[in-house]
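Engineer: turn this into a model:
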Amino acid sequence: MTNWRDEALCRQVDGNLWFPEKGASNKPAKRICNTPCPSRIECLDYALTTGQGFGVWGGLSAAERKDMGMRDFNRERRAERAARLVAGGVEIARIAEIIGVTERTVARDLAQIRREA
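Structural biologist: The predicted model follows:
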């Protein structure tokens, strides 16, 4: 099985491009991510799941990832993401932090998925 990192376009260029100095542009890294990179979604998911606080991951800067949280996703996708994280052993409190909602919302989303299954 191939790891998403093995197919990522970022492996073909200088890794420092994804961690620009403060005040430097991150546009070159974003351009590569959006070429489209075959690993972009997995990369972004990794960054959100592990709380990467620096660099460009999946075509988004740390600030964009923080702003995004999961507001741009509908409730169903948010719930599916929470279920995947729970299955991966991530605690509810951490899921809430990653997604940008309350623990109560995560619990409610997970309960909805269980009812629908």
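Engineer: would you mind measuring from the residue nearest to Ser61 when sequence neighbours are not counted to Gln12?
Structural biologist: Of all residues not flanking Ser61 in the chain, Asn26 sits nearest, at 5.4 Å (Cβ to Cβ, 6 or more residues apart in numbering). Quick note: C-beta positions are derived from backbone N, CA and C, even for glycine. Distance, Asn26 to Gln12, by Cβ to Cβ, to the nearest Å: 18 Å.
Engineer: one more: Arg5?
Structural biologist: In terms of Cβ to Cβ, Arg5 sits 12 Å off from Gln12.
Engineer: with neighbour numbers in mind, choose between those two.
Structural biologist: In this view Arg5 and Gln12 are compared by other Cβ atoms under 10 Å, and Arg5 has more residues nearby, 12 against 8.
Engineer: name the element that one belongs to?
Structural biologist: Using DSSP states H and E, Arg5 maps to helix 4-7.
Engineer: check Val90 too.
Structural biologist: Residue-wise, Val90 maps onto no helix or strand under DSSP H and E.
Engineer: helix, strand or coil for Ala111?
Structural biologist: helix (DSSP: H, G, I helix; E, B strand; the rest coil).
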